[in-house]
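Asker: Give me coordinates for this.
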Amino acid sequence: MKFIASLFLAVWMTLPTGAAAQSGGPATDLVVVELFTSQGCSSCPPADALLRQLTARPDVLPLALHVDYWDYIGWKDQFADPAHTRRQKGYAHVGGRQMVYTPQMIVNGQDDVVGANAMKLSETIAAHQARPTPVAITIDSTQSGTGGIAVQLRRADAAPLLSGPISIQLVRYAPLKTVDISRGELAGRRLDYANVVEQIDRVADWDGQGTLELTVALIDTRPAALLVQQAPYGAILAAATLN
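Answerer: Numbers count the residues shown, from 1 in each chain. Next up is the predicted model:
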């Protein structure tokens, strides 16, 4: 069974990849996978490892959001943010779920996948890739040295009419962090965490009508991505990396 699982993951990692985004042109369509995880959760490492594997796929934007509700059991998660817990609870409320848990993956703000279920995750990502992206993002980074990156949003061709409010969010994250855990359920383990979300800022609101043009300033070199999401915790309509 372990061989079959390893073979499946090897094949899965070679599944279709998107074309690279070009300055001044449309950004690559990305499926956003948000992992709600914790360093205090003994069942989370396999999901953390799966998220790290996802970073090899340019057609997927994997993000690790560490929550704080396991901090009481002996180890305070170094990356936990109450805002991540609120985001997970917001998804649960919109999705009609009565509880939150770790590890949980939310795909494009809509579908949840339990733990490190690679098969279910692969199927869910493929289902979202098969749907047309309703919002077209165009990025022009040629002006990035003069104050910011120019971004244009519009309803994609042949997409249904959009309705607001739509939230435009800037996500900053660390590609890889390593932690030595000395207490709690994972005491004694050294674990790697990929695409650790450090900041999510709402940079604009949009009613979905016409074209929205904005300039996004990046004050440091951390990876950055833009999420276009039905507010407050609805479907992610489009996403793109900015650097």
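Asker: Pass me the low-pLDDT residue ranges in the protein, would you?
Answerer: 1-28, 143-147 (pLDDT under 70).
Asker: Where do the helices of it begin and end?
Answerer: Listed in chain order, the helices of the chain (DSSP state H) span 2-12, 45-54, 82-95, 118-129.
Asker: winner for burial among those?
Answerer: Ranked by mean neighbour count, the helices of the chain are led by helix 45-54 with a mean of 20 (mean count of other CB atoms under 10 Å). The C-beta positions use only the backbone N, C-alpha and C, and glycine is treated the same way.
Asker: Could you list the alpha-carbon positions for that helix in PDB?
Answerer: Extracted C-alpha coordinates of helix 45-54, given in PDB (Å, rounded to 0.1, in the frame of the first residue of the first chain):
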ATOM      1  CA  PRO A  45       2.600  16.600   9.700                       C
ATOM      2  CA  PRO A  46       1.400  14.400   6.800                       C
ATOM      3  CA  ALA A  47      -0.800  17.300   5.600                       C
ATOM      4  CA  ASP A  48       2.100  19.800   6.000                       C
ATOM      5  CA  ALA A  49       4.200  17.500   3.900                       C
ATOM      6  CA  LEU A  50       1.500  17.200   1.200                       C
ATOM      7  CA  LEU A  51       1.200  20.900   1.000                       C
ATOM      8  CA  ARG A  52       5.000  21.200   0.500                       C
ATOM      9  CA  GLN A  53       4.700  18.800  -2.400                       C
ATOM     10  CA  LEU A  54       2.100  21.000  -3.900                       C
END
